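Visitor: the following block contains a protein sequence and its predicted model.
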Amino acid sequence: MSATGQIPRSGGDSPFVEILRQDWADLAPSTPMSLDESDLIRLRGLGDHLDLDEVRDVYVPLSRLINLYVSNARSLHRATSGFLGERSASTPFVIGVAGSVAVGKSTVSRLLRELLRRWEDTPRVELVTTDGFLYPNAELERRGLMERKGFPESYDQRALLRFITKVKSGAAEARAPFYSHLSYDIVPDAEIVVNRPDVLIVEGLNVLQPPRAHSLAVSDMFDFSIYVDARSEDIARWYEQRFLSLQRGAFTNPRSYFRRFADLSTDEALEHARSIWSRINGPNLRENVMPTRSRAQLVLRKASDHTVRSVLLRKV
């Protein structure tokens, strides 16, 4: 692994095998397709060009692979419980989904939640984003971190780890803070409650960060992990396009934190988007997010048009 988390090309010296999209689609030809266009409209993120062909080619086989991992984890639990002479319920299967701002990881996470819910043995699938574990804006201001929002130090890592550990321990209930993208802040007294799901998906920029010395990391709690990958220049362009779409949409809401951008000209809005990318999102991608790519068990590689062109799977 290089300092940037670069994954070697598939081969004898690589821990990954790279599978082109069509070859990947051929791996699970009999897996039923259970989504329609109305589902995609509901699940698709701003700027994503997800269509039913891609769901069929990429995400249906991925849901089948994860289903196999879940089944194998339960078999291992039963065998271990028998060995120890215990009878205990298996704990939730936890999936981490990482990647840059604007790369489409939220859409991937929502889509996987829907597909995994349709498997008979995993009807209860929950999704939590790490946005809820950002420090409130007032605390970020106090620490001088508003310009570092999204960097690892802007999260309450201990609270996030406590939450995941509680879920993974099999607790009946775990609570996470709620983050509003409209107010761009944590909502006081609002929570997301997770009640012992079959599968929990944890989505966020930095969920694959390695542990610090002599401590656990959130990634230590994952049973499977996915990194959504693309060229940095493509992600920067997608971010600019998304910013312009938001400027014409969500930013016009009087309660939006970004209301001040709504009346800018297109050129002015692009200038702001490029400034935010060059000061915050770009450096965070290079310094913190991209180096975690090779820690994933599966990498979805996107082409410049946002479609997945290949899948890298860690060898077993």
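Guide: Happy to help now that I have it.

Visitor: wait, is residue 106 part of a helix?
Guide: Yes. Counting by DSSP: H, G, I helix; E, B strand; the rest coil, residue 106 is part of a helix.

Visitor: which secondary structure state does the residue lying closest to it once chain neighbours are set aside sit in?
Guide: Leaving aside its sequence neighbours, residue 106 sits nearest to residue 45 (Cβ to Cβ, 6 or more residues apart in numbering; 5.2 Å). C-beta coordinates here come from the backbone N, C-alpha and C atoms, glycine included. Here residue 45 is recorded as coil under three-state DSSP.

Visitor: ok, residue 45 - contacts?
Guide: Residue 45 sits next to 104, 106-107, 110 when contact means Cβ atoms under 8 Å, 6 or more residues apart in numbering.

Visitor: quick one: which of those is nearest residue 229?
Guide: residue 104 (10.2 Å; Cβ to Cβ).

Visitor: tell me the spacing between the residue nearest to residue 106 and residue 205.
Guide: According to Cβ to Cβ, to the nearest Å, residue 45 and residue 205 sit 15 Å apart.

Visitor: residue 239 contacts residue 273, correct?
Guide: Yes. If you go by Cβ atoms under 8 Å, residue 239 and residue 273 touch, sitting 6.5 Å apart.

Visitor: where in this protein is pLDDT low?
Guide: Scanning the chain for pLDDT under 70 picks out 1-12, 46-47.

Visitor: so which of the contacts of residue 45 is the most crowded?
Guide: Counting neighbours by other Cβ atoms under 10 Å, residue 104 leads the contacts of residue 45 with 25 neighbours.

Visitor: leaving out the residues flanking it, which one is nearest to that residue?
Guide: Closest residue in space to residue 104, ignoring its immediate chain neighbours: residue 48 at 5.1 Å, by Cβ to Cβ, 6+ apart.

Visitor: those helices in the stretch 201-316 of the chain, which residues are they?
Guide: Counting by DSSP state H, counting those that start in this stretch, the stretch 201-316 of the chain has helices at residues 232-248, 266-276, 282-284.

Visitor: do you know which of these lies nearest residue 86?
Guide: The nearest among the helices of the stretch 201-316 of the chain, by Cβ to Cβ, is helix 282-284 at 43.5 Å.

Visitor: now the closest one: buried residues?
Guide: By 16 or more other Cβ atoms under 10 Å, the buried positions in helix 282-284 come out as 282, 284.

Visitor: ranges for the strands of this protein?
Guide: 16-20, 93-99, 125-129, 174-180, 185-194, 199-203, 224-229, 298-302, 308-314 (DSSP state E).

Visitor: including distance to residue 279, could these go into CSV?
Guide: Shown next, in CSV, are these (distance: least, Cβ to Cβ, whole Å):
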stretch, distance to residue 279
strand 16-20, 33
strand 93-99, 20
strand 125-129, 23
strand 174-180, 21
strand 185-194, 20
strand 199-203, 24
strand 224-229, 23
strand 298-302, 24
strand 308-314, 29
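
Visitor: now do the lengthiest helix in the chain: everything it contacts.
Guide: Longest helix of the chain, by residue count under DSSP state H: helix 60-84. The contact list for helix 60-84 (Cβ under 8 Å, 6+ apart) reads 24-25, 27-28, 31-33, 87-88, 90-91, 93, 95, 112, 115-116, 118-119, 121-122, 198-199, 223-224, 298, 311, 313.

Visitor: returning to that earlier point: of the strands of the chain, which is nearest residue 37?
Guide: Per Cβ to Cβ, nearest to residue 37 of the strands of the chain: strand 308-314, 18.7 Å.

Visitor: list the buried residues of the closest one.
Guide: If you call a residue buried by 16+ other Cβ under 10 Å, then strand 308-314 has these buried ones: 308, 310-314.

Visitor: any idea how far stretch 103-112 is from the chain center?
Guide: Centroid separation for stretch 103-112 versus its chain: 6 Å, with Cα atoms, centre = their mean, to the nearest Å.

Visitor: neighbours of the closest residue to residue 179 other than its chain neighbours, just the number please.
Guide: In space, residue 179 comes closest to residue 131 once its chain neighbours are excluded; the distance is 3.9 Å by Cβ to Cβ, 6+ apart. Number of residues near residue 131 (other Cβ under 10 Å) recorded here: 21.
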